[in-house]
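In: Let's see this in three dimensions:
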Amino acid sequence: MNVTKRVTFIAKPDGIAKMKELLSAMVAPSKAEKGCVFYEITQLKDRPEKFMAIETWENEEALDGHRASSHYSIYKSSFEPYCEHKYSDELEVLK
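Out: Numbering: from 1, shown residues only. Have a look, this model is predicted:
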């Protein structure tokens, strides 16, 4: 069963550019991972400090593989100094 999540990041005022850099670096390698169905990161035009990652994985195993990847590890160990708040929602895709 697919797993779809939205992860929201609110960057600190002086961390917007660095958050954009870190999150942008996640897109291509995440899309190339086995089990990735959809992976995009957006930045709100009217609130540039707010970023959202929307991702769908084939199953929990694929999501766990993503979390074990080297690019995820780099992001995870680097984003906190630039991020004021982060939260995630698990989504249900309606059919």
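In: and the helix or strand bottoming out on mean pLDDT in the chain, what does it pack onto?
Out: Sorting the helices and strands of the chain by mean pLDDT, DSSP states H and E puts helix 70-78 at the bottom, at a mean of 93. For helix 70-78, the packing partners by 3 or more Cβ pairs under 8 Å, 6 or more residues apart in numbering; DSSP states H and E come out as helix 16-31. Yep, even glycine has a C-beta here, placed from its N, CA and C like the rest.
In: And the helix it packs on, what does it pack against?
Out: Packing partners of helix 16-31 (3+ Cβ pairs under 8 Å, 6+ apart): strand 3-11, strand 36-43, strand 50-57, helix 70-78.
In: what about that helix, distance to the chain center?
Out: When distances are taken as Cα atoms, centre = their mean, to the nearest Å, helix 16-31 is centred 8 Å away from the chain's centroid.
In: rewinding a little: now render the helices and strands packed on helix 16-31 as TSV, adding distance to Ser30.
Out: Listed next are the helices and strands packed on helix 16-31 as TSV, based on distance: least, Cβ to Cβ, whole Å:
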stretch	distance to Ser30
strand 3-11	12
strand 36-43	4
strand 50-57	7
helix 70-78	7
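In: Just the C-alphas of the least confident helix or strand of the chain, formatted as CSV.
Out: C-alpha atoms of helix 70-78 as CSV (Å, rounded to 0.1, in the frame of the first residue of the first chain):
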residue,chain,number,x,y,z
SER,A,70,23.1,8.9,2.2
HIS,A,71,21.3,12.0,0.9
TYR,A,72,18.6,11.8,3.6
SER,A,73,21.4,11.4,6.2
ILE,A,74,23.1,14.6,4.9
TYR,A,75,19.8,16.5,5.0
LYS,A,76,18.8,15.2,8.5
SER,A,77,22.2,16.1,10.0
SER,A,78,22.2,19.6,8.4
